[in-house]
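Undergrad: All I have is the shape, not the residue letters:
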């Protein structure tokens, strides 16, 4: 690490930060209707076309955490970190089957969140509340990790001083970045990250294109990179007595690799921020087209992951693996281009952090504030509450980052993935069938949440006794696998069994306010919620 502040890199970083800040505030006037509502502030007026949605979803899903943590996982443990590549390949065929249905029914009924849909589909505020609380809980550590990404870049640039520096001075740059993010998100809503995403993704593609060519040339080619990485990973870890990793996953790790990839694919579009970006699009076919072109980001991710091997081969030594890629950029690039790379990571944190805070705020406003505290809230009141809550969510994430060990933040994000996966039966199941009973879904959710939390809590690592990872022995199989997959299987078993029982006892099922035609509706189709006659409760799937 270079001594002192890297002035040139910092200047380039500040330039791009100022550019996106100005864009963030100007976005308040972009395609705005003038009506103050959650549709306008929280969903961008549901007006985004194919390319805006593509950049928004890309900016939302491929975050600073992705940029830093995926190659950092490979830097620390080898090819096991590549699980992120197959899971982003698996996810798009999955979402092609259900996201257009979610968009259609949400468009028809004015749903802003997944909990809105669950409440309308199953007639259950309790189940809706469970989904909303899970979404907020899972999103908080995810926002925190975006701030961790910014902090990693600032540390490598030498900004904020050393460990013995006063805490306020050390964290001042992060506090400033947070304040700017909070201000333009409050002002512009979802339009701000949608506009900034163009800059963010452009910078990331540029940096990866240069890195994948320039760095291997400096290191003697990929043959040398893989040879050096293989040698380094074969060395034993003093804490475990086992090799640090491998260039390819071993047989013992295949169950863990496969279940983590599948579970992550199933969970990704359960997150509130993924759904928020989806519902902001203007037409059903916008979603379908995006599922066919979003895999371009998977190609980028595969190339990005190789940076972990490059960091090993170049001799990067850091105590915190999240610093490995920023340090690689500072060591290998000229200072000015290192600044461009740092800006890509920094902006790559701002975009998803904004969307995540908006999504969490929408959940609170629609499914806690309006459903339980103020049922007669006007659209303007909803928008105002959501703006305020988005600030509180960011403050909570900031406190999380400043007050906790960064490795704990990553483990809690992994726990968030286990939690959010437990909403899949209610959301995806509800899009295709009304067979599941609402009380059974709630019981299955509770069982999955309880088991997943306990299993994660009881998983140690070489450095901590609890929340040390997201993999544990699969009961009955004896293989190590992703806790989230075991929890969702338990969730589904409880849901199915209780559904049979509750149906046998003819337990009240609640009123389904949706109709089969709602799930294939498109923009401009006739019929909105208030014009429909009361729906008849259904007992069979669509």
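TA: Looks like it arrived, so ask away. Because the structure is a prediction, the values reported are computed rather than measured.
Undergrad: For residue 485, see how far away residue 256 is.
TA: Residue 256 sits at a distance of 10 Å from residue 485 (criterion: Cβ to Cβ, to the nearest Å). Any C-beta I mention is one placed from the backbone N, CA and C, and that applies to glycine too.
Undergrad: again with residue 96
TA: Applying Cβ to Cβ, the value for residue 96 to residue 485 is 21 Å.
Undergrad: Looking at those two, which is more packed in?
TA: Ranked by neighbour count (other Cβ atoms under 10 Å), residue 96 and residue 485 place residue 485 first, with 23 against 14.
Undergrad: need the contact list for that one.
TA: Contact analysis of residue 485 by Cβ atoms under 8 Å, 6 or more residues apart in numbering lists 259, 262, 263, 421, 474.
Undergrad: Doesn't it lie inside a helix?
TA: Yes. Judged by DSSP: H, G, I helix; E, B strand; the rest coil, residue 485 forms part of a helix.
Undergrad: low-confidence ranges in the stretch 1-150 of the chain?
TA: Regions of the stretch 1-150 of the chain meeting the criterion pLDDT under 70 cover residues 1-3, 31-35.
Undergrad: scratch that, the chain
TA: 1-3, 31-35, 160-170, 239-241, 252, 404-410, 524-542.
Undergrad: Please, where are all the strands along it?
TA: For the chain, the strands defined by DSSP state E cover 471-473, 480-482.
Undergrad: Can I get those in a markdown table including mean neighbour count and distance to residue 355?
TA: Converted to a markdown table, the strands of the chain look like this (neighbours: other Cβ atoms under 10 Å; distance: least, Cβ to Cβ, whole Å):
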| stretch | mean neighbour count | distance to residue 355 |
| --- | --- | --- |
| strand 471-473 | 19 | 28 |
| strand 480-482 | 23 | 25 |
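Undergrad: now these in CSV, with distance to residue 56?
TA: Below are the strands of the chain laid out as CSV (distance: least, Cβ to Cβ, whole Å):
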stretch, distance to residue 56
strand 471-473, 32
strand 480-482, 28
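Undergrad: got a list of what residue 471 touches?
TA: Here residue 471 is in contact with 256, 259, 260, 459, 480, 481, 482, 483 (Cβ under 8 Å, 6+ apart).
Undergrad: let me fix that: residue 323
TA: Residue 323 neighbours (Cβ under 8 Å, 6+ apart): 152, 155, 156.
Undergrad: can you count the residues close to the last one?
TA: When you say that, I think you mean residue 156. Residues lying near residue 156 (other Cβ under 10 Å) number 25.
Undergrad: Give me the distance between it and residue 77.
TA: From residue 156 to residue 77 the distance is 21 Å (Cβ to Cβ).
Undergrad: do the second one as well
TA: Separation of residue 155 from residue 77 (Cβ to Cβ): 22 Å.
Undergrad: And for residue 145?
TA: In this structure, residue 145 and residue 77 are 18 Å apart, going by Cβ to Cβ.
Undergrad: what about those two, which has more around it?
TA: Set residue 145 next to residue 77 and count neighbours by other Cβ under 10 Å: residue 145 wins out with 28 against 19.
Undergrad: Skipping adjacent residues, who's closest to the more buried one in space?
TA: Once flanking residues are discounted, residue 145 sits nearest to residue 65: 4.4 Å by Cβ to Cβ, 6 or more residues apart in numbering.
Undergrad: ok, the one residue sitting closest to the centre of the chain - contacts?
TA: Residue closest to the average C-alpha location in the chain (Cα atoms, centre = their mean): residue 61, at 5.6 Å. Neighbouring residues of residue 61 by Cβ under 8 Å, 6+ apart: 88, 268, 274, 294, 297, 352.
Undergrad: picking up where we left off before, make sure the residue nearest to residue 145 is actually in contact with residue 147.
TA: No. With contact defined as Cβ atoms under 8 Å, residue 65 does not count as touching residue 147 (10.0 Å).
Undergrad: Mind listing the shared neighbours of the two?
TA: Between them, residue 65 and residue 147 share these contacting residues under Cβ under 8 Å, 6+ apart: residue 349.
Undergrad: From residue 351, how far out is the nearest residue to residue 197 once chain neighbours are set aside?
TA: Using Cβ to Cβ, 6+ apart and skipping the chain neighbours, the partner closest in space to residue 197 is residue 59 (3.3 Å). Per Cβ to Cβ, residue 59 is found 4 Å from residue 351.
Undergrad: Equivalent analysis for residue 224, please.
TA: The gap separating residue 224 from residue 351 is 35 Å, by Cβ to Cβ.
Undergrad: the more surrounded of those two?
TA: Neighbour totals were compared for residue 224 and residue 351, and residue 351 leads with 31 against 12 (other Cβ under 10 Å).
Undergrad: Provide a list of residues in contact with that one.
TA: Residue 351 makes contact with 59, 60, 63, 193, 196, 197, 200, according to Cβ under 8 Å, 6+ apart.
Undergrad: Just confirm residue 129 contacts residue 368, I think it does.
TA: Yes. In terms of Cβ under 8 Å, residue 129 counts as a neighbour of residue 368; the distance is 6.9 Å.
Undergrad: Can you give me the buried ones in the longest helix seen in the chain?
TA: Using DSSP state H, we find that the single longest helix of the chain is helix 125-157. Of the residues in helix 125-157, 125, 127-157 count as buried by neighbour count, 16 or more other Cβ atoms under 10 Å.
Undergrad: same deal with stretch 177-187?
TA: Across stretch 177-187, burial judged by 16+ other Cβ under 10 Å covers 177, 178, 180, 181, 182, 184, 185, 186, 187.
Undergrad: could you dump the residues you listed to TSV with distance to residue 236?
TA: Below are the buried residues of stretch 177-187 laid out as TSV (distance: Cβ to Cβ, whole Å):
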residue	distance to residue 236
177	40
178	41
180	45
181	42
182	46
184	49
185	47
186	51
187	53
